[in-house]
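J.: need a structure here:
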Amino acid sequence: MAQTSKELGQAIVIENLSGAGGNVGSQAAAKAAADGYTLLYGTNGTFGINHSLYKHPGFDPLQDFVPVAQLTRIGTMVVVRPGLKVSTLPELLKLLKSNPGKYTFASAGNGTTSHLATELLKASAGLSIVHVPYRGGAPAITDLLGGQVDMMIDVIPNLMPNVRAGRLRALAVSTANRVASLPDVPTISESGLTGFEVSAWDGIFVPKRTSPDVIARLHAAIRKALGDPGLRRQLTERGAEPVSSSPTEFNRFVKLELDRWGAAVKRSGASVD
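T.: Down below sits the predicted model:
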């Protein structure tokens, strides 16, 4: 946000209101004055998953907010524990299909991106794998490293350090194209599940009724900040892809993501309430 702050000529203070998977902070932002001074950092979790995971999230992503700018698209990656004797995604899928219910997958918790991305893979490939939810991604990865669970799908930045260090084996990424920082890791689509694509994402939103002029100024500042070569390089190296889209395009994207992640939640049976 430092780059955006520089473009706006004004300090940006980040207030982290945790609770209910981001719903608490989103509710507070929805009630804030629509004067351009309150921005909400939203994700596929708060603006996609939560509206099927929670019966009463406390805000409406389409009625209470206006999208300003998408920031990044963050692909996920399929990894397996040390010692699991597979080296490609087709080999993993063959193993799982031959042994329904025998193998396990870790997630950061019920209804998280890591959980639902695997549910989407299960549905696409016709798999039966046992879900082991954890209280966050760190303990899930720890047990994966220790061999207590067999595989995991999580966002690339979370898995990248252990993959680069050789502690986890990466089989595929869920993006449409290969990730620049992992050129030797194929996509899920090219590994046999044609058309499969799943990405987490994040973006900036403002309360409804915010002036179009204010939205335009914020969007321009964010886009210019994301155009900085140094920042783009940092994001790309971590496995995140900067996105350039208009507020209108971002709004259409959010509508599609609500349906997509909502279907994944219902298929998984996950619920928080």
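J.: who touches the residue nearest the centre of the chain in this structure?
T.: Taking C-alpha atoms, centre = their mean, the centroid of the chain lies closest to residue 200, which sits 2.1 Å from it. For residue 200, the contacting residues are 43-45, 73-76, 113, 155, taking C-beta atoms under 8 Å, 6 or more residues apart in numbering as the criterion. The C-beta positions use only the backbone N, C-alpha and C, and glycine is treated the same way.
J.: most surrounded residue in the residues you listed?
T.: The most crowded member of the contacts of residue 200 is residue 76, carrying 29 neighbours; neighbours defined as other C-beta atoms under 10 Å.
J.: can you classify that residue by secondary structure?
T.: Under the three-state scheme (DSSP: H, G, I helix; E, B strand; the rest coil), the conformation of residue 76 reads as strand.
J.: likewise for the one 3 residues further on?
T.: When states are read from three-state DSSP, the local structure at residue 79 comes out as strand.
J.: I'd like to know how far it sits from residue 63.
T.: 38 Å (C-beta to C-beta, to the nearest Å).
J.: who's more crowded, these two?
T.: A count of neighbours by other C-beta under 10 Å puts residue 79 above the other of residue 79 and residue 63, at 26 against 8.
J.: so the more buried one touches residue 152, yeah?
T.: Yes. With contact defined as C-beta atoms under 8 Å, residue 79 and residue 152 form a contacting pair (5.7 Å).
J.: any low-confidence regions in the chain?
T.: With pLDDT under 70 as the threshold, the chain has low-confidence stretches at 1, 273.
J.: which parts of it are helices?
T.: In order along the chain, the chain carries the following helices (DSSP state H): 2-8, 23-30, 50-53, 89-98, 113-125, 137-145, 156-164, 212-226, 229-237, 247-268.
J.: so for the second one, what gets flagged as buried?
T.: What that stands for is helix 23-30. Within helix 23-30, the residues that count as buried by 16 or more other C-beta atoms under 10 Å are 23, 25-30.
J.: is it true that residue 167 touches residue 82?
T.: Yes. In this structure residue 167 lies within contact range of residue 82 using C-beta under 8 Å: 6.8 Å.
J.: joint contacts of these two?
T.: Between them, residue 167 and residue 82 share the neighbouring residues residue 145, with contact defined by C-beta under 8 Å, 6+ apart.
J.: quick one on the thing from earlier: mutual contacts of residue 79 and residue 152, please.
T.: 144, 159.
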